[in-house]
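K.L.:
sharing a model that was predicted from the sequence below.
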Amino acid sequence: MNLNPINLYDLSPADLETLMRDWGEPPFRAKQIYRHLYVNRIQDAQEMTDLPLALRQRLADETRFGDLRLVRLSTGDEGLTRKALFALPDKAPVETVLMIYPDRATVCVSCQSGCPMKCTFCATGKLGFLHNLTSGQMAEQVMWAARELQSFLNQPHASPHNQKPEIENQNLTNIVYMGMGEPFNNYDAWWASVERLHDPTGFNMGARGFTVSTVGLIPGIQRLADEKRPVNLAISLHAADDALRSEMMPVNKRYPVRDLIRAAREYTRKTRRRVSFEYILLKEKNDSPEQARTLALRLREGAPEDQALLFHVNLIPWNPVPGTPLSRSDRKRVLAFQAVLKEEGIPCTVRVERGADIGAACGQLAGTGG
Ligand code: SAH
């Protein structure tokens with residue numbers, strides 16, 4: 001294993017320039033290397049053929065191209081969902097999921113190995129907290145997905161009834177931070193990864209292509225409201241009353257429902273951007289029509305009458321997690337819940353499921369590789 005001190009994916013363009021200056025190289029070398037990493041997706045200094053041999057050798061000797069070792073690749077949904085289980089140098093697991101659709105492709109990125117939030121319904125919570133990931137370890141997951149997508153699209157397509165996806169430039173269209181961990185619990189590294197992947201001289205993902213999902217850490221929501229880039233925000237709500245939400249999500253004791261929704265409202269006021277609330281449906285726990293009505297009430301109270309509600313609810317059929325006494329709501333309950341929200345004027349969609357057959361769906365990432 002390469003244990004050179006510098007992970008190239010951890011470096012911003014400015015950091016790379018500093019490194020080149022320290023090495024006595026002209027600053028434009030930094031731009032060349034950044035391009036190789038994020039546009040050409042190269043992972044070996046020897047392939048950077050427009051660099052002088054001595055510089056290639058120095059990169060090989062003193063830097064490393066990432067930290068993640070692929071342990072297992074699982075595929076589901078006829079190959080259109082692809083989950084990677086990686087190991088960090090100390091063997092801690094990191095999972096990344098690539099989801100391919102007819103006209104777009106999304107990568108679901110982990111920002112921690114394990115998670116400290118202990119939500120009762122989530123497999124990652126059961127694993128406990130192992131590590132914060134660095135910005136480079138997050139960027140590296142995205143670059144894996146970009147390469148994986150490209151090689152998948154260039155394969156001859158086996159099943160004729162499956163139309164070959166038509167994705168612009170064969171590149172990822174969305175990056176969602178919804179894998180293992182809590183992004184706002186690792187805010188600086190998370191945001192640095194957004195900046196890195198957004199950089200137009202490199203990967204060039206548009207700000208609106210990013211979505212971050214939080215368990216509801218209010219300081220993170222407030223910080224995001226002040227960032228310049230309009231990334232999308234999703235908040236895991238899952239229950240509209242405090243007793244139930246605290247039981248399901250210990251974080252609710254620190255940031256209860258009303259405070260959280262107030263913070264979300266302040267965020268929409270400041271940014272004029274929509275917030276999406278995630279709500280998993282658990283049979284006879286949080287899925288009754290009365291609970292849908294309470295949810296609608298909480299989302300509407302305190303909203304200015306003359307303004308469109310910038311809130312949206314994303315209903316997520318719960319994916320089974322072994323060792324929990326929970327079960328998923330059936331389709332009828334899901335649709336009834338949705339109907340109440342619609343009746344109450346709350347925009348609402350039901351999430352299309354992906355990856356449940358390989359343990360790659362929401363809340364199933366537990367480092368076991370499926
Ligand atoms: N920590 C962040 C992001 C990771 S989870 C957060 O809590 O938002 C991404 C989404 O999957 C969250 O909404 C999470 O609550 C949800 N989730 C967790 N376990 C799930 C399960 N078993 N089935 C469906 N969704 C689940």
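P.N.:
Nice, I can see it. Given the structure is predicted, the values throughout are model-derived calculations rather than measurements. Numbering: from 1, shown residues only.
K.L.:
state the helix or strand in which residue 336 lies.
P.N.:
Secondary structure assignment for residue 336, by DSSP states H and E: helix 331-343.
K.L.:
give the rounded mean pLDDT of the longest helix along the chain.
P.N.:
When the chain is parsed with DSSP state H, its longest helix is helix 135-153. The pLDDT scores in helix 135-153 average 97.
K.L.:
which helices and strands does it pack with?
P.N.:
helix 28-38, strand 81-87, strand 93-100, strand 105-108, helix 187-198 (3 or more C-beta pairs under 8 Å, 6 or more residues apart in numbering; DSSP states H and E). In short, each C-beta sits where N, CA and C put it, glycine included.
K.L.:
kindly format the C-alpha coordinates of the last one as CSV.
P.N.:
The C-alpha trace of helix 187-198 is given here as CSV (Å, rounded to 0.1, in the frame of the first residue of the first chain):
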residue,chain,number,x,y,z
TYR,A,187,-18.8,20.1,7.5
ASP,A,188,-15.5,21.5,6.5
ALA,A,189,-14.3,18.4,4.7
TRP,A,190,-17.7,17.9,3.1
TRP,A,191,-17.8,21.5,1.8
ALA,A,192,-14.2,21.3,0.5
SER,A,193,-15.3,18.2,-1.5
VAL,A,194,-18.1,20.2,-3.0
GLU,A,195,-15.8,23.0,-4.0
ARG,A,196,-13.3,20.5,-5.4
LEU,A,197,-15.8,18.8,-7.6
HIS,A,198,-17.5,22.0,-8.6
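K.L.:
so how far is it off the chain centroid?
P.N.:
For helix 187-198, the gap between its own C-alpha mean and the chain's C-alpha mean amounts to 12 Å (C-alpha atoms, centre = their mean, to the nearest Å).
K.L.:
got the angle for that helix vs helix 135-153?
P.N.:
40 degrees (axes from the mean of the first three to the mean of the last three C-alpha atoms, to 10 degrees).
K.L.:
okay, now the sheet partners of the following helix or strand past the longest helix of the chain, with direction.
P.N.:
Counting by DSSP H and E, the next helix or strand C-terminal to helix 135-153 is strand 174-177. When sheet partners are counted by DSSP bridges, strand 174-177 sits next to strand 105-108 (parallel), strand 210-214 (parallel).
K.L.:
residues in contact with the shortest one?
P.N.:
Strand 105-108 has contacts (C-beta atoms under 8 Å, 6 or more residues apart in numbering) with 96-99, 141-142, 145-146, 149, 165, 167, 171-179.
K.L.:
that one - what's its average pLDDT?
P.N.:
98.
K.L.:
do the same with the last one
P.N.:
Strand 210-214 shows a mean pLDDT of 98.
K.L.:
now the helix or strand just after that strand: buried residues?
P.N.:
Following strand 210-214 in sequence order, the next helix or strand is helix 218-225 (DSSP H and E). Residues 218, 220, 221, 224, 225 are the ones in helix 218-225 that count as buried (16 or more other C-beta atoms under 10 Å).
K.L.:
in space, what's closest to the fourth one - neighbours in sequence excluded?
P.N.:
For residue 224, ignoring the flanking residues on the chain, the nearest one in space by C-beta to C-beta, 6 or more residues apart in numbering is residue 233 at 6.2 Å.
K.L.:
any weak-confidence spans in the stretch 101-250 of the chain?
P.N.:
Within the stretch 101-250 of the chain, the ranges that satisfy pLDDT under 70 run 157-162.
K.L.:
thinking again about what came up before, using CSV, list the CA coordinates for the helix holding residue 336.
P.N.:
Extracted in CSV, the C-alpha atoms of helix 331-343 (Å, rounded to 0.1, in the frame of the first residue of the first chain):
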residue,chain,number,x,y,z
ARG,A,331,-48.1,0.5,-0.9
LYS,A,332,-51.7,1.4,0.2
ARG,A,333,-50.5,3.2,3.3
VAL,A,334,-47.9,5.0,1.4
LEU,A,335,-50.4,6.3,-1.1
ALA,A,336,-52.9,7.2,1.6
PHE,A,337,-50.2,9.2,3.4
GLN,A,338,-49.3,11.0,0.2
ALA,A,339,-53.0,11.8,-0.5
VAL,A,340,-53.4,13.5,2.8
LEU,A,341,-50.3,15.7,2.2
LYS,A,342,-51.5,16.6,-1.2
GLU,A,343,-54.9,17.5,0.2
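K.L.:
sweet, I'm off.
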